[in-house]
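Enquirer: next comes the sequence, and after it the predicted model I'd like to discuss.
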Number of protein chains: 4
Amino acid sequence: MSKKKKKIIAVIGGEQPSSEEAKLAEEVGRELARRDAILVCGGLGGVMEAACRGASAEGGITIGILPGNNPKAANPYVQIPIVTGIGYARNIIVVKSAQAVIAIDGSYGTLSEIAHALQNNIPVIGLNTWVLSNKGQQDDSIIRADNPTEAVDKALDLTKVSPPNSSK
Amino acid sequence: MSKKKKKIIAVIGGEQPSSEEAKLAEEVGRELARRDAILVCGGLGGVMEAACRGASAEGGITIGILPGNNPKAANPYVQIPIVTGIGYARNIIVVKSAQAVIAIDGSYGTLSEIAHALQNNIPVIGLNTWVLSNKGQQDDSIIRADNPTEAVDKALDLTKVSPPNSSK
Amino acid sequence: MSKKKKKIIAVIGGEQPSSEEAKLAEEVGRELARRDAILVCGGLGGVMEAACRGASAEGGITIGILPGNNPKAANPYVQIPIVTGIGYARNIIVVKSAQAVIAIDGSYGTLSEIAHALQNNIPVIGLNTWVLSNKGQQDDSIIRADNPTEAVDKALDLTKVSPPNSSK
Amino acid sequence: MSKKKKKIIAVIGGEQPSSEEAKLAEEVGRELARRDAILVCGGLGGVMEAACRGASAEGGITIGILPGNNPKAANPYVQIPIVTGIGYARNIIVVKSAQAVIAIDGSYGTLSEIAHALQNNIPVIGLNTWVLSNKGQQDDSIIRADNPTEAVDKALDLTKVSPPNSSK
């Protein structure tokens, strides 16, 4: 068989987004599904749930990499719950399983995912999220997007340029 | 949305099965797909590849929980590679993500998966695999099956009786 | 500096040992400390606690690789708690951190540790624990010992013959 | 027994520090040992090695939580190598095992550790390291120190105020 694999894009972000941020996440999910990409996320609420709801509404596939032991902790729009039981060490799996990451809002958990992605050369597109500087110098590794469509455009474009994790 | 979730069944086993064992694995994969279950496995060769090949041939969904960092290490019949990077600590995720486990052949890695499943009260169905005894007494926790259809029957039946991981 | 490293030996086993098994574990801990080996374990109760108690009584060093997030979950004889938060995926870390493993009693968690150790070519010495057979043939990879001193003798001898994890 | 446990402090930072940063790390290690704290780190080179060298020179205990499978990958000043085999998912274990974290220099791996620590309410003291802002607002969660002694002072003071991970 070996049919063409779909692209997998991670959506990461906080569990308590503003209603505007939740709308951004839902629209990112919708747009990913329209472009036939699989959405992977941490499987819980907030940005993760909004993105899965959007993707599901458009018939997309949604995967939730859960920290705990109970598949029922997944938000109702996760179609495929992956039950890790490894707590927030699962954050690194969320980003490694994707060819690009879209970060929306988010607190320290999201920051750890951004850091793990950048460490692994997986592109990160940011919508209203963290800004980094190291030793007094701004770090521009997070690619900024102004809206959900631009975020998805950039994420999918970047997976074209560099084959997924090719060097590892 | 919240459409009915498909059942997820793990197929575990060795990377160097006999040709007969590979046939068993392929038929287990076919049968799981015919029954509309999602197949989850460790994503690599041998029993894992044979099972994914069978499931794919029948149009089923296949997930590979990979130990390493490269999604291209997945066998060609894995549609959704989950890239953990946590080595064989990923074994516990393979079984926790399933509502039942079918073990075919296998060496110590498979034995660790059987043990993790039993520790988590996830039913294990065995086709030509390990036999356990503890302090002189045989342990009959692995449910024996004589052929692939019986293995899949038992796996799907057991997910009916006890709701997936209900107590955790 | 680079002073000679002490040997690290894992003691694994159940949380509900019989009083006789707890005595075996305590004596194993004592003997490891007398031989100047570091004891590593899963950090919780039962066999783990008895072994740490024995080692501490003889002035030995004890390390507990904890599954949860709270260092206070360690038994009181753990001097160095390692807080993993990765649940029972930590089992593989317990055995990988040792040059040999002594298994006493134990249920499925212990079985998963035995399997992970054997998969990684780390010698396992068994005192009243699991017996394995694979496809009708007994697997004699677990080295049997009749008493704590013999178990510790064998564990330390095996770390001499094969340098720790040399092949990896 | 149950003798008073020593404090455990993590030192995190890059593998390619400047010579000045390596001196800071070594002095942090020395100072931790003088105050009878155990040093935990990722076990590899750069900041980690410098800190372990300093601690060892003063007779302190050093623990290295290694990403790979080979204990020999530890720097020569690690007395107790913990072999995780879970790759950079081990970062979260480094910080969770400590009551406070001192970050020196560092790239994205260090940033992931800072984020995991802050997510877990473990205080982070920074010496010449990352600066964070979230959505246009600077995040002052990283406590700044101007020199190694001040960093160690602050780390040990913070472990006094809040008992280790008490809320988890």
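Expert: Perfect, I can see it now.

Enquirer: neighbours of the closest residue to A:V47 other than its chain neighbours, how many?
Expert: Nearest residue to A:V47, sequence neighbours excluded (CB to CB, 6 or more residues apart in numbering or on different chains): A:G13, at 2.9 Å. For glycine as for every other residue, the C-beta is placed from the backbone atoms N, C-alpha and C. Neighbour count of A:G13, defined by other CB atoms under 10 Å in any protein chain shown: 30.

Enquirer: list the buried residues in the biggest helix by length in chain A.
Expert: Ranked by number of residues, the top helix in chain A under DSSP state H is helix A:19-34. For helix A:19-34, burial by neighbour count (16 or more other CB atoms under 10 Å in any protein chain shown) applies to A:21-22, A:24-33.

Enquirer: just stretch A:65-77 next, same as before
Expert: By 16+ other CB under 10 Å, the buried positions in stretch A:65-77 come out as A:65-71, A:73-75, A:77.

Enquirer: name the nearest of those relative to B:T159.
Expert: Taking CB to CB as the measure, B:T159 lies nearest A:P71 of those, at 11.6 Å.

Enquirer: can you tell me the SS state at the residue nearest to that closest one when sequence neighbours are not counted?
Expert: Of all residues not flanking A:P71 in the chain, A:P81 sits nearest, at 4.2 Å (CB to CB, 6+ apart). Per DSSP: H, G, I helix; E, B strand; the rest coil, the local secondary structure of A:P81 is strand.

Enquirer: I figured A:P81 was touching A:P67, is that so?
Expert: No. Judged on CB atoms under 8 Å, A:P81 makes no contact with A:P67 at a distance of 11.3 Å.

Enquirer: now A:T149: which helix or strand?
Expert: Assessed by DSSP states H and E, A:T149 sits inside helix A:148-161.

Enquirer: who are the packing partners of that helix?
Expert: For helix A:148-161, the packing partners by 3 or more CB pairs under 8 Å, 6 or more residues apart in numbering or on different chains; DSSP states H and E come out as strand A:8-13, helix A:19-34, strand A:100-104, strand A:124-127.

Enquirer: tabulate those (JSON lines), appending mean pLDDT.
Expert: Supplementary listing: these in JSON lines, determined by pLDDT from 0 to 100:
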{"stretch": "strand A:8-13", "mean pLDDT": "98"}
{"stretch": "helix A:19-34", "mean pLDDT": "98"}
{"stretch": "strand A:100-104", "mean pLDDT": "98"}
{"stretch": "strand A:124-127", "mean pLDDT": "97"}
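
Enquirer: with distance to C:Y88 added, can I get these in JSON lines?
Expert: Shown next, in JSON lines, are these (distance: least, CB to CB, whole Å):
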{"stretch": "strand A:8-13", "distance to C:Y88": "26"}
{"stretch": "helix A:19-34", "distance to C:Y88": "33"}
{"stretch": "strand A:100-104", "distance to C:Y88": "28"}
{"stretch": "strand A:124-127", "distance to C:Y88": "31"}
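
Enquirer: which one of those lies nearest to C:I86?
Expert: Closest approach to C:I86 among those (CB to CB): strand A:8-13, 19.7 Å.

Enquirer: and the closest one, C-alpha only, in PDB?
Expert: Output in PDB follows, covering the C-alpha atoms of strand A:8-13 (Å, rounded to 0.1, in the frame of the first residue of the first chain):
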ATOM      1  CA  ILE A   8       0.400  16.200  10.800                       C
ATOM      2  CA  ILE A   9       0.300  19.700  12.400                       C
ATOM      3  CA  ALA A  10       0.400  20.300  16.200                       C
ATOM      4  CA  VAL A  11      -1.800  23.000  17.800                       C
ATOM      5  CA  ILE A  12      -0.600  23.900  21.200                       C
ATOM      6  CA  GLY A  13      -1.900  26.500  23.700                       C
END
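
Enquirer: how far out from the middle of the chain is that strand?
Expert: Chain-centre distance of strand A:8-13: 1 Å, with CA atoms, centre = their mean, to the nearest Å.

Enquirer: could you do stretch A:18-28 as well?
Expert: Stretch A:18-28 has its C-alpha centroid displaced from the chain centroid by 13 Å (CA atoms, centre = their mean).

Enquirer: that one near chain D anywhere?
Expert: No. Applying CB under 8 Å from any CB of the partner chain, one finds stretch A:18-28 out of contact with chain D, separated by at least 9.6 Å.

Enquirer: which residues touch that stretch?
Expert: Outside stretch A:18-28, the residues that touch it by CB atoms under 8 Å, 6 or more residues apart in numbering or on different chains are A:11, A:13-14, A:17, A:46-48, A:50-51, A:53-54, A:102, A:104-105, A:127-128, A:147-149, A:151-152.

Enquirer: A:V40: which element?
Expert: Element membership of A:V40, judged by DSSP H and E, is strand A:38-41.

Enquirer: contact partners for A:A89?
Expert: Neighbouring residues of A:A89 by CB under 8 Å, 6+ apart: B:86, C:84-86, D:86, D:89, D:92-93.

Enquirer: and the residues you listed, which of them are in strands?
Expert: With DSSP state E as the criterion, strands contain none of those.

Enquirer: hmm, back to that, beta-bridge partners for the residue nearest to A:P71, please?
Expert: A:G64 (DSSP bridges).

Enquirer: tell me the contacts of it?
Expert: Counted by CB under 8 Å, 6+ apart, A:P81 has contacts A:43, A:63-64, A:66, A:71, A:74, B:5, B:8, B:97.

Enquirer: by pLDDT, give me the weakest of the residues you listed.
Expert: Within those, B:K5 has the lowest pLDDT, namely 83.

Enquirer: so who does it touch?
Expert: B:K5 makes contact with A:79, A:81, according to CB under 8 Å, 6+ apart.
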